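Asker: Mind folding the following:
(chains A and B)
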Number of protein chains: 2
Amino acid sequence: MTHKEINNGSVTSPLGFTAAAVAAGIKQSGRPDLVLVISDRECAAAGIFTRNRVAAAPVLVDRATLTANRSALRGVVINAGNANACTGTPGLADARAMQRATAEAVGGRPDQYLVMSTGVIGVPLPLARVQVGIATAAPLLARENGHAAARAIMTTDTRPKYMALEVELPGGRVTIGGMAKGAGMIHPDMATMLCVLTTDAAVPPDELDSLLRHAADRSFNAISIDGDTSTNDTVLLFANGASGVPVNDDEGRTRFGAALDELCHALAMMIVRDGEGVSRVVTVRVTGAASTADARRVANTIATSPLVKTAFAGGDPNWGRIMMATGRSGVDLDQHRLALWVSAPGELPLPIVRQGTPTDYREADAAAVFAQPEFTVHVDLGDGTEEATVWTTDLTHEYVTINADYRT
Amino acid sequence: MTHKEINNGSVTSPLGFTAAAVAAGIKQSGRPDLVLVISDRECAAAGIFTRNRVAAAPVLVDRATLTANRSALRGVVINAGNANACTGTPGLADARAMQRATAEAVGGRPDQYLVMSTGVIGVPLPLARVQVGIATAAPLLARENGHAAARAIMTTDTRPKYMALEVELPGGRVTIGGMAKGAGMIHPDMATMLCVLTTDAAVPPDELDSLLRHAADRSFNAISIDGDTSTNDTVLLFANGASGVPVNDDEGRTRFGAALDELCHALAMMIVRDGEGVSRVVTVRVTGAASTADARRVANTIATSPLVKTAFAGGDPNWGRIMMATGRSGVDLDQHRLALWVSAPGELPLPIVRQGTPTDYREADAAAVFAQPEFTVHVDLGDGTEEATVWTTDLTHEYVTINADYRT
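Answerer: From the prediction side, this is the model:
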């Protein structure tokens, strides 16, 4: 292993990055809700955005900004409490005003700053408060605010999510840090997922983009199910080169990529485990598919089925619902070839269905697996060699409570 | 109007049909769970079955039976409490044994009887009990058992669902009756939907099939969302001609079709209103689509979104979630052309979004609509002239309670 976790690391662990978090009065709770993450020098940047056709203003602005400038960014301004989504042309103007206010307060040009927003949809952004917040935050930028920043971007999250890794590259040591917010039940339309990643490695923009896509496909895109997501979902990666160590050969790319994959996976699992009202986290693994698309389709259908998820909530080994979800996935399959097994962490798999027919498993053994806080459901389609894995959660009373009165 | 409702009508209102319902010990509750619906003469029959690739044994047997014989059926045997799904080859043998037992008890050949099952998946059918139940039920066949039959096929339904219409055809008066069971939240993978329809009109099998498909597309297929459904979903229509009145001209087809459409729609709405834990029924109407497929896709995405459905449960006019679901439907749309309005029954529509931007509607007015037990959400895509309507429900605590411990 050429990387290791930094104790209590955060988005400001890489050299040259600072953060600030203030309460700007956007969240009704009065908690901190305005965050800056800033590099002391220009960075390369890459972004992955929601595929939702109703995309929030900050997503539209960031896409345009990164199209024009991928190599001279300075950071990101984030507000929680208001998504600036479904806000029309005024919303776009507000997102651009956030860029300008940040440039005025921190220095540089507006197009050197990206914007993230999360919170309620369809309500105009309280721009004056946001502008005051940015001006208040800028003088507070400091390395020690990485954890405060992770806390301020939370909405219905119950805990902040941050991590950093140290990576030994051929040319020396670099650091990758990150923070994320999720909540919602990691279903595409469930909640905004925001993630900011930073590194002091020197990585060209094209390389950065391809490394980020690889990592996101195995983490954020495997928990946000369909790959299409909320109006605001955004993952940003900034590389400022402050370590003086470049990622410019195969060995460096391999090591840096492995660390980035691990960091993204760890942050994604923090999001899953902190999903709204979650009491169980389930790995859905589909093998034996004719194509990766088929495998993903089956896994996503199982992972988003309310009937499957409520059975998980009850700890009920009601595997018939998993078979039913498999059958309605739209994938052309032969039910008499299906196999299903489940396993608790560190335990041998328990076969439940073979060739479409129940095995003589003992109900008590199945119940013991479904009672675990984390376990794996494995479906084999008997139709090929492709596979996919997604992570999902149960659907609980608490989820209904949180979402039935989110705004009121 | 050439048809009218028969007071307290049921599946045995048409001439020549009888029913029986007994407790065979399949339901753990000990309630009636075994039903026969029998015609005193041979019938034409049509069926619509689940598109789930994991189809239950009775579905496979019925498809094969109707392929071989569509004009000389005698009726259907139904059990509740066990779905006979995911039961492999033994399950198929059990479904065929139900056909044989019915033929022995009632008369005729096994291939003159169709089979329906609903209940828990993956548990072998208790065939001996079913056989005793069939033998016990046969001598009890009588016209007055139509309501008892509707009650015995219930699982998590809270009330029986039945209705009959009298239709004036050019050649005389005929009757169409029906019963259904649903529960589940009318989502594709949610619960078994069974429906038995009977008529004493004389209708050729091809005509019967096309009339049934037309009616189901505007009723059962608009509540079971995607058109793909649970492992057992089945709608059967028997026509025994006992009235002596044929459906054999355009006028007859039009009148009979209109009545059948209305009966199916009424039974489908009974299913929706009795969905598990349902407190609100919402009509989702999508217009301005480039194609019917687009309109259906958007409507289904809204209708199945857990975030939208929990907002409905809370009576929360959180229309941003409806916009979000619209955007993630996979339909290529321009968010700046979207319009959204809502309306309570008998009230003028309340415009909420115009050209992708909120109107200056008053929050209290929106809250008043979302507080109704039934209301309509209308999304216009601004992209064409096609449209679709689906009916959905809210997602409540009670739904989680029912489904988290269904089997235990």
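
Asker: switch to C-alpha atoms for all contacts and neighbour counts from now on
Answerer: Noted.

Asker: is it true that residue A:151 touches residue A:160?
Answerer: Yes: counting by Cα atoms under 8 Å, residue A:160 is a contact partner of residue A:151 at 4.9 Å.

Asker: Give me the more crowded residue out of the two.
Answerer: Neighbour tally, residue A:151 and residue A:160, criterion other Cα atoms under 10 Å in any protein chain shown: the higher count belongs to residue A:151, 24 against 20.

Asker: how close does the more buried one sit to residue A:22?
Answerer: Separation of residue A:151 from residue A:22 (Cα to Cα, to the nearest Å) stands at 11 Å.

Asker: what residues are shared contacts of the two?
Answerer: Both residue A:151 and residue A:22 are in contact with residue A:32, where contact means Cα atoms under 8 Å, 6 or more residues apart in numbering or on different chains.

Asker: Any idea how far stretch A:77-86 is from the middle of the chain?
Answerer: 17 Å (Cα atoms, centre = their mean, to the nearest Å).

Asker: model confidence over that stretch, on average?
Answerer: Averaging pLDDT along stretch A:77-86 yields 94.

Asker: And stretch A:353-360, by the same measure?
Answerer: 92.

Asker: buried ones in it?
Answerer: By neighbour count with 16 or more other Cα atoms under 10 Å in any protein chain shown, stretch A:353-360 contains the buried residues A:353, A:354, A:355, A:356, A:357, A:358.

Asker: same check, this time on stretch A:6-25
Answerer: A:9-25.

Asker: can you check stretch A:122-137 too?
Answerer: Buried residues in stretch A:122-137 (16+ other Cα under 10 Å): A:122, A:123, A:124, A:125, A:127, A:130, A:131, A:133, A:134, A:135, A:136, A:137.

Asker: how about it as CSV, C-alpha atoms only?
Answerer: What follows is stretch A:122-137, C-alpha atoms only, in CSV (Å, rounded to 0.1, in the frame of the first residue of the first chain):
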residue,chain,number,x,y,z
GLY,A,122,-37.6,26.7,-5.4
VAL,A,123,-37.0,29.5,-2.9
PRO,A,124,-34.9,32.5,-4.1
LEU,A,125,-31.4,32.6,-2.6
PRO,A,126,-31.1,35.2,0.2
LEU,A,127,-28.3,36.8,-1.7
ALA,A,128,-27.6,39.7,0.7
ARG,A,129,-27.0,37.3,3.6
VAL,A,130,-24.8,35.1,1.4
GLN,A,131,-22.7,38.2,0.4
VAL,A,132,-22.3,39.3,4.0
GLY,A,133,-21.4,35.7,4.9
ILE,A,134,-18.7,35.6,2.2
ALA,A,135,-17.2,38.9,3.3
THR,A,136,-17.3,37.7,6.9
ALA,A,137,-15.7,34.3,6.1
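
Asker: Show me the shaky parts of the stretch 301-408 of chain A.
Answerer: Scanning the stretch 301-408 of chain A with the threshold set as pLDDT under 70 gives A:405-408.

Asker: now do the stretch 51-200 of chain A
Answerer: Short version for the stretch 51-200 of chain A, where the test is pLDDT under 70: A:183-191.

Asker: re the thing from before, ok, the buried residues of stretch A:122-137 vs residue B:196, which is closest?
Answerer: residue A:122 (45.5 Å; Cα to Cα).

Asker: Hmm, residue A:91 and that closest one touching each other?
Answerer: No: assessed by Cα under 8 Å, residue A:122 is found out of contact with residue A:91, at 9.5 Å.

Asker: overlap in contacts of the two?
Answerer: With Cα under 8 Å, 6+ apart as the test, residue A:122 and residue A:91 both reach A:84, A:85.

Asker: Which elements pack onto the lengthiest helix in chain A?
Answerer: Criterion DSSP state H: the longest helix present in chain A is helix A:250-273. Helices and strands touching helix A:250-273, by 3 or more Cα pairs under 8 Å, 6 or more residues apart in numbering or on different chains; DSSP states H and E, are strand A:161-169, strand A:172-181, helix A:205-217, helix A:220-223, strand A:386-393.

Asker: Format those as TSV; extra columns: distance to chain B and mean neighbour count.
Answerer: Rendered in TSV, the data for these read as follows (distance: least, Cα to the nearest Cα, whole Å; neighbours: other Cα atoms under 10 Å in any protein chain shown):
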stretch	distance to chain B	mean neighbour count
strand A:161-169	23	24
strand A:172-181	18	26
helix A:205-217	18	18
helix A:220-223	14	25
strand A:386-393	13	24
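
Asker: Domain boundaries for chain A, per the record?
Answerer: Chain A breaks down into these domains under automatic domain parsing: A:3-273, A:281-404.

Asker: List, one by one, the residues from the stretch 51-200 of chain A near chain B.
Answerer: Proximity of the stretch 51-200 of chain A to chain B (Cα under 8 Å from any Cα of the partner chain) is limited to residues A:51-55, A:86-89, A:120-122, A:188-190.

Asker: Give me the subset of those residues that lies in helices.
Answerer: Those of those lying in helices (DSSP H): A:88, A:89.

Asker: which one of the residues of the stretch 51-200 of chain A next to chain B is nearest residue B:215?
Answerer: residue A:189 (32.3 Å).

Asker: Cheers, nothing more for now.
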